[in-house]
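1. Return a 3D structure for these sequence lines:
(one chain, ligands or ions: 2)
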Amino acid sequence: MQLTDSLGRTINYLRLSVTDRCNLRCSYCMPAEGVVKKGHDTVLRYEELLLIAETAVGLGIEKIRITGGEPLVRAGIIPFLSRLAGIDGLRHLALSTNGLLLERMAAELYAAGVQRLNVSLDSLNRETFSAITRGGDLATVLKGLDAAERAGFPPPKINMVVMAGVNDGEILAFAELTRSRGNSVRFIEYMPVVKEEGWQRYCIPGMEILKRIAAHHPLEHVDKGAFAGPSRDFRIPGARGTIGIITAVSSHFCEECNRIRVTSTGQAKGCLFSNEKIDLKPYLRPSDPEQLVRVLQGIVMAKPEGHGISRNGYGHKNFTMAQIGG
Ligand code: SAM
Ligand code: SF4
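-> Numbering: from 1, shown residues only. Ligands and ions are numbered 1, 2, ... in the order given. Here you go, the predicted model:
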């Protein structure tokens with residue numbers, strides 16, 4: 001079965017958030033005090049998340065990425081992932097993490113059936129990493145990356161949010177990881193999720209990031225795989241990992257968008273930056289699988305053509321990425 005929106009885009013990718021809580025406080029993602037704790041009743045139970053996933057796969061979703069907040073801080077995540085991995089028709093199960101708990105959990109994640117890990121890592125310098133994450137320990141994340149490979153995962157993809165004057169001096173060091181460690185690295189433009197005054201000063205366009213790398217290394221274009229995300233990918237010849245740029249701000253990839261999102265509180269969204277969302281709880285409590293099918297189809301059909309976050313006055317409501325799952 002294929003899920004197609006009103007503009008003919010194939011929708012095969014669900015980002016499913018399991019919590020908005022996190023063991024870090026990245027400055028670009030959430031406020032220093034963290035997110036307001038949600039009551040147990042507000043956050044979807046695993047059974048409810050599974051029903052959403054099964055329904056979505058029945059409609060044509062082939063890839064699910066588990067995200068958060070930090071998904072590994074939610075109790076019971078491993079048995080949940082095992083059940084998710086067992087959904088008939090799901091071809092690809094991935095998980096995004098800050099890596100802090102990977103050293104302890106990588107083997108269980110692999111055994112549960114997670115196929116790929118994305119690890120967010122914005123600096124290879126201990127102090128800068130600690131400043132961006134408001135207290136995170138770089139060495140723990142690096143140990144987590146090693147543990148993931150020991151457990152059997154391919155080298156995790158590394159996501160780096162590039163911020164001018166904060167970590168842009170490390171672009172080349174991250175590009176080097178594609179050769180030295182074999183990780184694929186995706187450079188993400190800083191997105192104004194919380195539109196703080198002067199957010200533009202942090203934003204370095206993806207093309208500028210590429211130019212800085214290309215000034216030191218030849219880059220060859222890499223064709224996207226079947227479950228490619230929104231990055232444009234390149235490779236330093238001979239490197240095991242690829243270099244990707246995610247240009248959500250400077251140049252949208254909306255015409256190729258293949259995803260929908262569901263937050264940990266059951267809010268379904270067709271676009272990260274759209275103010276439109278639908279609460280799925282009424283179709284989960286009590287469960288109404290037929291209505292859930294209709295509502296998910298409706299979200300896909302109502303997917304907007306695109307967003308305009310590069311325009312200064314663009315009117316999305318402030319949110320933290322941890323609430324939606326990136
Ligand atoms: N905690 C996990 C992690 O950090 O990978 C998963 C959730 S996190 C919200 C998902 C992704 O969103 C991360 O790669 C993070 O870097 C990205 N992100 C958060 N805020 C962002 C922002 N303002 N601009 C660009 N990317 C952002
Ligand atoms: Fe937590 Fe991930 Fe947000 Fe950082 S980016 S605060 S690790 S949810």
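
2. Which residues of the stretch 51-200 of the chain lie near ligand 2?
-> For the stretch 51-200 of the chain, the residues found near ligand 2 under the criterion C-beta under 6 Å from any ligand atom are 68-70, 98, 120. The C-beta positions use only the backbone N, C-alpha and C, and glycine is treated the same way.

3. Go through those and flag which are in helices.
-> Using DSSP state H, no member of these falls within helices.

4. Run through the residues that contact the residue of the chain positioned farthest from its centre.
-> Most distant from the centre of the chain: residue 286, at 29.5 Å, with distances by C-alpha atoms, centre = their mean. Listed by C-beta atoms under 8 Å, 6 or more residues apart in numbering, residue 286 has no contact partners.

5. rewinding a little: sort out which one of the residues of the stretch 51-200 of the chain next to ligand 2 lies nearest ligand 2 for me.
-> Nearest to ligand 2 out of these is residue 98 (C-beta to the nearest ligand atom; 3.5 Å).

6. returning to what we had before: can you list the residues of the stretch 51-200 of the chain next to ligand 2 in TSV and add neighbour count, distance to residue 157 and pLDDT?
-> Shown next, in TSV, are those (neighbours: other C-beta atoms under 10 Å; distance: C-beta to C-beta, whole Å; pLDDT from 0 to 100):
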residue	neighbour count	distance to residue 157	pLDDT
68	29	17	94
69	29	19	94
70	23	17	97
98	27	13	98
120	23	10	98
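
7. For these, work out which two are farthest apart.
-> Within these, 69 and 120 form the most distant pair, 11.9 Å apart (C-beta to C-beta).

8. how close does the nearest residue to residue 77 once chain neighbours are set aside sit to residue 215?
-> Once flanking residues are discounted, residue 77 sits nearest to residue 71: 6.0 Å by C-beta to C-beta, 6 or more residues apart in numbering. Separation of residue 71 from residue 215 (C-beta to C-beta, to the nearest Å): 37 Å.

9. More neighbours: those two, which one.
-> When neighbours are counted by other C-beta atoms under 10 Å, residue 71 and residue 215 differ, and residue 71 comes out ahead with 26 against 8.

10. does that one really touch residue 95, like I thought?
-> Yes. Counting by C-beta atoms under 8 Å, residue 71 touches residue 95, with 6.1 Å between them.

11. And stretch 164-172, how far out from the chain middle?
-> 21 Å (C-alpha atoms, centre = their mean, to the nearest Å).

12. Buried by neighbour count: which residues of that stretch qualify?
-> Across stretch 164-172, burial judged by 16 or more other C-beta atoms under 10 Å covers 166-168, 170-171.

13. Then stretch 10-23?
-> 11-23.

14. out of the residues you listed, which one sits closest to ligand 1?
-> Closest to ligand 1 out of the buried residues of stretch 10-23 is residue 22 (5.7 Å), distances taken as C-beta to the nearest ligand atom.

15. would you say the closest one is within a strand?
-> No. Judged by DSSP: H, G, I helix; E, B strand; the rest coil, residue 22 forms no part of a strand; its state is coil.

16. And the pLDDT at it?
-> You'll see residue 22 listed with a pLDDT of 95.
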